[in-house]
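K.L.:
could you look at this predicted model? Sequence included:
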2 protein chains.
Amino acid sequence: MRYFPAALERLTEQFARLPGIGGKSAQRLAFHVLSMDDAAAAEFAAAITDAKATVKTCPICQNLTDQAQCSICADEERDHSQICVVAEPKDVIAMERAREYRGVYHVLHGVLSPLNHVGPDDLRIKELLARVADGSVREVIMATNPDTEGEATAMYLSRLLRPMGVQVTRLAYGIPMGSQLEYADEVTLLRALEGRQEI
Amino acid sequence: MRYFPAALERLTEQFARLPGIGGKSAQRLAFHVLSMDDAAAAEFAAAITDAKATVKTCPICQNLTDQAQCSICADEERDHSQICVVAEPKDVIAMERAREYRGVYHVLHGVLSPLNHVGPDDLRIKELLARVADGSVREVIMATNPDTEGEATAMYLSRLLRPMGVQVTRLAYGIPMGSQLEYADEVTLLRALEGRQEI
């Protein structure tokens, strides 16, 4: 026999497809949705649809935005000759929290990871090279996570960028090795930014 | 400044409202939704809406169903004079897995819990009393969880039901005390069903 109504089974399956959600958790979440009032459930469903429909990547820095350009790329007071390269959109937020950096960003949407089959073509690298190629960029700051894959990605990019006549720097190791950029506190990030070295 | 697009923030908030999902997990899930293709995201949103729209409670046993009556109440081969009282819809599934019980169910949708402000009026108790009051019920089997609240709920119901001239039994303590009914294995449930005692 079929145990639960089909629509409930389908909702459970949908939750179970999310990362880190197992079968029992998915069932619990599906039951929770059933216990929500109609308006709240409709709001949840609409939030999914809206996020997919309105959130795009900025054509310049590849960060997430719902505008034609992201608010940082559109800000004329920022230094567009200085690009900070980060792995993920959440790393932009971590950098902005340090309230020190006035340049712009480039979001790779990942790091090189041969074990996970992530190669240069899977990241927004050609978009970065295009930005540097037009000659207006003075410095590229590598702000990938200070772990093996982040380091390898920074080294790979610096070898591509240096021949283009741009200064390539790396955040100083004020950041504790092996940790994640998004969990770093503001002071540590500030030190890392001040102590950056040419690579 | 606003860090992420508004639609992404809203989706993160929606995930964060689910039970057991913290802020960082909610953000991770929201990013995952953005990385899904459009069809998969639409399917997820539709699953929420459909589940809310089509899943109702059976007017007889209060179990979840998408039909006018649930498949167990509608099954004429089952013994409608025997009602097994469980706390949650998932407990019906646990009982059905034992493949021994041929009566019908009544789902309370919770247990008495003064600490969580759950009283008799918050459970489907009056619906159970109405079923027993029509005289066609011979036995009511209490199958709430063998923990403090489940026991208290079973005792409370047995005091209401016994004066109505119905036999009230309790699942035998083949079920290990303090555990949850939904995790019990089939054999344990079978023992518990066979060894039930009048209370």
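P.N.:
Thanks, I have the structure now. Numbering: from 1, shown residues only, chains lettered A, B, ... in the order given.
K.L.:
for chain B, see how far away the residue nearest the centre of chain A is.
P.N.:
Residue closest to the mean C-alpha point of chain A, counted by CA atoms, centre = their mean, is A:E88 at 1.5 Å. In this view, A:E88 and chain B are 8 Å apart by CB to the nearest CB, to the nearest Å. Any C-beta I mention is one placed from the backbone N, CA and C, and that applies to glycine too.
K.L.:
tell me the contacts of that residue?
P.N.:
A:V107, A:L108, A:H109, A:G110, A:E182 (CB atoms under 8 Å, 6 or more residues apart in numbering or on different chains).
K.L.:
by pLDDT, give me the weakest of those residues.
P.N.:
By pLDDT, A:E182 ranks lowest within the contacts of A:E88, coming in at 76.
K.L.:
hang on, A:I72 in a helix?
P.N.:
No - counting by DSSP: H, G, I helix; E, B strand; the rest coil, A:I72 is not part of a helix but coil.
K.L.:
how near is it to B:P5?
P.N.:
13 Å (CB to CB, to the nearest Å).
K.L.:
equivalent analysis for A:N145, please.
P.N.:
23 Å.
K.L.:
the helices in chain A, which residues?
P.N.:
Here chain A has its helices, by DSSP state H, at A:6-16, A:23-35, A:38-54, A:89-97, A:125-133, A:148-161, A:186-194.
K.L.:
among the ones you listed, which is nearest A:I60?
P.N.:
Comparing these by their distance to A:I60 (CB to CB), the top pick is helix A:125-133, with 7.1 Å.
K.L.:
is chain B contacted by the longest strand along chain A?
P.N.:
In chain A, taking DSSP state E as the definition, the longest strand is strand A:79-86. No - counting by CB under 8 Å from any CB of the partner chain, chain B has no neighbours in strand A:79-86; the shortest distance is 13.1 Å.
K.L.:
tell me how many other residues crowd A:V104.
P.N.:
A count of nearby residues for A:V104, using other CB atoms under 10 Å in any protein chain shown, gives 23.
K.L.:
surely A:E96 and A:L193 touch.
P.N.:
No - contact criterion CB atoms under 8 Å: A:E96 and A:L193 do not qualify, at 11.6 Å.
K.L.:
compare the two (neighbour count), which wins?
P.N.:
Set A:E96 next to A:L193 and count neighbours by other CB under 10 Å: A:L193 wins out with 19 against 15.
K.L.:
mind listing what's buried in stretch A:64-79?
P.N.:
A:L64, A:T65, A:D66, A:C70, A:S71, A:I72, A:C73, A:R78 (16 or more other CB atoms under 10 Å in any protein chain shown).
K.L.:
ok, so of the residues you listed, who is nearest B:A133?
P.N.:
Comparing those against B:A133 with CB to CB picks out A:D66 as the nearest, at 58.2 Å.
K.L.:
spatially nearest residue to the closest one (excluding sequence neighbours)?
P.N.:
B:P5 (3.9 Å; CB to CB, 6 or more residues apart in numbering or on different chains).
K.L.:
also A:P59?
P.N.:
A:Q69 (7.0 Å).
K.L.:
show the model's pLDDT score for that neighbour.
P.N.:
90.
K.L.:
in contact with it, which residues?
P.N.:
Taking CB under 8 Å, 6+ apart as the test, what A:Q69 contacts is A:C58, A:P59, A:I60.
K.L.:
what do you get for A:A154?
P.N.:
With CB under 8 Å, 6+ apart, A:A154 has these contacts: A:V85, A:M142, A:T144, A:R170, A:I199.
K.L.:
restricted to buried residues, select the residues you listed in ChimeraX.
P.N.:
Command for ChimeraX that selects the buried part of the contacts of A:A154, burial taken from 16+ other CB under 10 Å:
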select /A:85,142,144,170
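K.L.:
from the contacts of A:A154, which ones fall inside strands?
P.N.:
Per DSSP E, those map to strands at A:V85, A:M142, A:R170.
K.L.:
what stretches of chain A score poorly on pLDDT?
P.N.:
Chain A contains residues with pLDDT under 70 at A:1-2, A:173-177, A:191, A:195, A:197.
K.L.:
returning to what we had before: quick check: the residue nearest to the centre of chain A vs A:R78, distance?
P.N.:
20 Å.
K.L.:
likewise A:R97?
P.N.:
According to CB to CB, A:R97 and A:R78 sit 16 Å apart.
K.L.:
is chain B within reach of stretch A:28-40?
P.N.:
Yes - in terms of CB under 8 Å from any CB, part of stretch A:28-40 sits within range of chain B, namely A:R28, A:L29, A:A30, A:F31, A:H32, A:V33, A:L34, A:M36, A:D38.
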